[in-house]
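K.L.:
here is a sequence together with a model predicted from it:
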Amino acid sequence: QLQLVESGGGLVQPGESLTLSCAVSGSPFSISYLRWYRQFPEKQRELVAGITRRGGKATYAEGLEGRFIISRDKDKNTVSLEMNNLKPEDTAIYYCNAEEPGTYINDPPLNYWGQGTQVTVSS
């Protein structure tokens, strides 16, 4: 079992930056992917960015690359999301996600979630 705890959310003004952090405990060496999602009110959770734990290859949702930067620290078992030039439309609850392979080769991957952290962008 993995446990994920996000931190770093808060209230910022448009144009400011904020960095979210997610601490992963349990058996982090089994993780294949780490991701950040966000959820707007009454909407489904959507992918923001993802990164492979081993190689650090990052991918981003359309329109966010260049403004958002995902990174991971294998030694500290953390994944971060640096968000720059924040806009009111970035206001959402942000969730950390970790994926590890299923127990057997044909099993679906296992996904773990943090509790979420609120990011509010408002003047």
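P.N.:
Yep, it's here.

K.L.:
pretty sure residue 4 sits against residue 24.
P.N.:
Yes - shown here, residue 4 and residue 24 form a contact pair, counting by CB atoms under 8 Å, at 5.5 Å. (C-beta placed from N, C-alpha, C; glycine too.)

K.L.:
dump the residue contacts of the residue nearest the centre of the chain.
P.N.:
When the chain is reduced to its mean C-alpha position, the nearest residue by CA atoms, centre = their mean turns out to be residue 36, at 2.0 Å. By CB atoms under 8 Å, 6 or more residues apart in numbering, the contact set of residue 36 is 20, 22, 47-50, 70, 79, 81, 94-97.

K.L.:
can we see that at 6 Å?
P.N.:
48, 49, 81 (CB atoms under 6 Å, 6 or more residues apart in numbering).

K.L.:
ok, residue 2 next?
P.N.:
Taking CB under 6 Å, 6+ apart as the criterion, residue 2 is in contact with 26, 98, 112.

K.L.:
again, only using 8 Å
P.N.:
Residues counted as contacts of residue 2 (CB under 8 Å, 6+ apart) are 24, 25, 26, 27, 28, 31, 98, 100, 112.

K.L.:
my read: the third one touches residue 77, true?
P.N.:
No - using CB under 8 Å, residue 26 is not in contact with residue 77, being 9.1 Å away.

K.L.:
looking at the two, which one has more neighbours?
P.N.:
For residue 26 versus residue 77, the count of surrounding residues by other CB atoms under 10 Å is larger for residue 77: 20 against 15.

K.L.:
please report how far the more buried one lies from residue 108.
P.N.:
Applying CB to CB, to the nearest Å, the value for residue 77 to residue 108 is 23 Å.

K.L.:
same deal with residue 83?
P.N.:
Here residue 83 is placed at a distance of 30 Å from residue 108 (CB to CB).

K.L.:
between those two, who's got more neighbours?
P.N.:
Each of residue 83 and residue 108 has its neighbours counted (other CB under 10 Å); residue 83 has more, 25 against 8.

K.L.:
what about the nearest residue to residue 115 once chain neighbours are set aside, distance to residue 26?
P.N.:
The spatially closest residue to residue 115, leaving aside those adjacent along the chain, is residue 6, at 6.7 Å (CB to CB, 6 or more residues apart in numbering). Per CB to CB, residue 6 is found 15 Å from residue 26.
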